[in-house]
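Visitor: here's a sequence, model it:
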Amino acid sequence: MDTNSKSLFQLMRFNILNSAKMNWENTPFSPAYIYAWDSGVYPAFNDGADWHKSFVDQFEVSEKEVVELGKFLDKKWLAKSAISFYELEDHYEVSHSTETGWDRGKLLISCRYMYLNRMFDNSFWSALIENGKCPTEAFSICQKLEKSDIYFV
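Guide: Just a heads-up that it's a prediction; the model follows:
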């Protein structure tokens, strides 16, 4: 990734996050879109905005990864087949291999992006973060995005 592309990405990221923080109650951005830019998840399910499309290679969680995870979770949801976070980690071989490209952190932020984007229903998300079937940090998936959650790092 060249320095100019990275600089433009960081400038766009700052503008979106700063705009949201400065006018939190009336921001034109959805919580999911703000969170995606803040956490480094490609906002694949935000078709209404296109500021991210020029920076497809700059996000930590790629478009391909987000879309694939979304399709997998959608199949589970449509089949009414609950999945726990630990089962999701097993599916992506998080503790066994790094070949899949997934780790716990990427799964957490990707799931939170989808939750904030109102994908699936509450029973689906409740099953994913059921106590005893997920790590403690997975409880953050279903939390409302607050202004104080946005960091400029």
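Visitor: give me the below-cutoff pLDDT ranges for the protein.
Guide: In the predicted model of the chain, residues 1, 96-98, 153 satisfy pLDDT under 70.
Visitor: tell me where it has helices.
Guide: Along the chain, counting by DSSP state H, helices occupy 3-22, 31-39, 63-78, 85-91, 104-116, 122-128.
Visitor: and these as TSV, adding mean neighbour count and distance to residue 140?
Guide: C-beta here means a position set from N, CA and C on the backbone, and glycine is covered the same way. Shown next, in TSV, are these (neighbours: other Cβ atoms under 10 Å; distance: least, Cβ to Cβ, whole Å):
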stretch	mean neighbour count	distance to residue 140
helix 3-22	14	18
helix 31-39	23	11
helix 63-78	16	17
helix 85-91	18	11
helix 104-116	22	7
helix 122-128	16	12
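Visitor: residue 149: which of the ones you listed is closest?
Guide: Closest of the helices of the chain to residue 149 is helix 31-39, at 7.4 Å (criterion: Cβ to Cβ).
Visitor: show me what that closest one is packed up against.
Guide: The helices and strands touching helix 31-39, judged by 3 or more Cβ pairs under 8 Å, 6 or more residues apart in numbering; DSSP states H and E, are helix 3-22, helix 104-116.
Visitor: what's the closest of the ones you listed to residue 40?
Guide: helix 104-116 (7.1 Å).
Visitor: now the angle between helix 31-39 and that closest one, please.
Guide: 160 degrees (axes from the mean of the first three to the mean of the last three Cα atoms, to 10 degrees).
Visitor: pull the distance from helix 104-116 to the chain's centre.
Guide: Helix 104-116 sits 4 Å away from the centroid of its parent chain (Cα atoms, centre = their mean, to the nearest Å).
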